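Asker: What follows is a predicted structure for the sequence shown.
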Amino acid sequence: MESFAFQAGKFNGPIELLLDLVEKRKMLVSEVSLSEVTDGFLKELENYESLPIPETTQFVYIASLLLLIKSKELLPTLDLSDEETENIDELKRRLLLYGLLRDQSRVLGMMFGKNVIFRREDDNHVHVVFAPGNLDLSSLSSTVRDIITNVPKEDSLELGVVKKIISLEEAMGQLAEKIGNSLKVTFSSYKKLGREEKLNVVVNFLAMLELVRRGSVYVIQQANFSDIEMGNPNISTPRYV
């Protein structure tokens, strides 16, 4: 069986309602007492038309068990399945348990706050006394001014100037044009053209490598760390006879 824990009128579900009906007849929880209160339970159920579907399902489930019990009382020869018998026994166990818990909760409610065995110990408050000598309004004001004066100030940062760096496409175009107009060009002489910032030199070097990769430029370096000669591979050096 499912557990029931919702409010329906003055009852917290069908179990409490059913137990209340049994106790009003001053009967013990048994199949006979459940059979006797079936009609009363169904009548109460008619007052709960606005219940949500899940809650309504729980009331209907209990009602079906009560009708089954009453049918068994009226027709002793009626055979119940093992599941039906188990559900009826479970209903009786829940009613007995709920009744026990409800009675004990009432007793606890009456005893709550009375005859307390353990009490909370009183907190030992430490009274802090702050009474510096020679303190007056003038000295206090002077101290506050000194504190404000010595508060660290935020350092102002100088604004940097962002300089434009030549793009790789621009560097490739300039390099290709320079080599196209000259027979040979050294990288050291080319890097002196225009701006001499290190980043531009790096971009020009990358442009040279990209042109070499595309086959638009050939390069020659005679030794490590020596100057790099660049030329147009489509123009051959003229020979003089």
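Answerer: Here it is on my side, so go on.
Asker: Where do the strands of the chain begin and end?
Answerer: Counting by DSSP state E, the chain has strands at residues 184-186, 218-221, 228-231.
Asker: For N204, see how far away N232 is.
Answerer: 17 Å (Cβ to Cβ, to the nearest Å). Heads up, the C-betas are built off the backbone N, CA and C, glycines and all.
Asker: Show me which of the two is the more surrounded one.
Answerer: Legend: neighbour count by other Cβ atoms under 10 Å for N232 and N204, higher for N204 (21 against 17).
Asker: quick one: least confident helix or strand in this protein?
Answerer: Least confident element among the helices and strands of the chain, by mean pLDDT, DSSP states H and E: helix 187-190 (a mean of 68).
Asker: Tell me how this protein divides into domains.
Answerer: Following automatic domain parsing, the chain resolves into domains at 14-111, 168-231.
Asker: any chance of the strands of the chain in TSV, with mean pLDDT too?
Answerer: Shown next, in TSV, are the strands of the chain (pLDDT from 0 to 100):
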stretch	mean pLDDT
strand 184-186	77
strand 218-221	82
strand 228-231	82
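Asker: looking at these, which is closest to D146?
Answerer: When the strands of the chain are ranked by distance to D146, counting by Cβ to Cβ, first place goes to strand 228-231 at 66.0 Å.
Asker: ok, that closest one: who's next to it in the sheet?
Answerer: If you go by DSSP bridges, strand 228-231 pairs up with strand 184-186 (antiparallel), strand 218-221 (antiparallel).
Asker: Deepest-packed of those strands, please.
Answerer: strand 184-186 (a mean of 16; mean count of other Cβ atoms under 10 Å).
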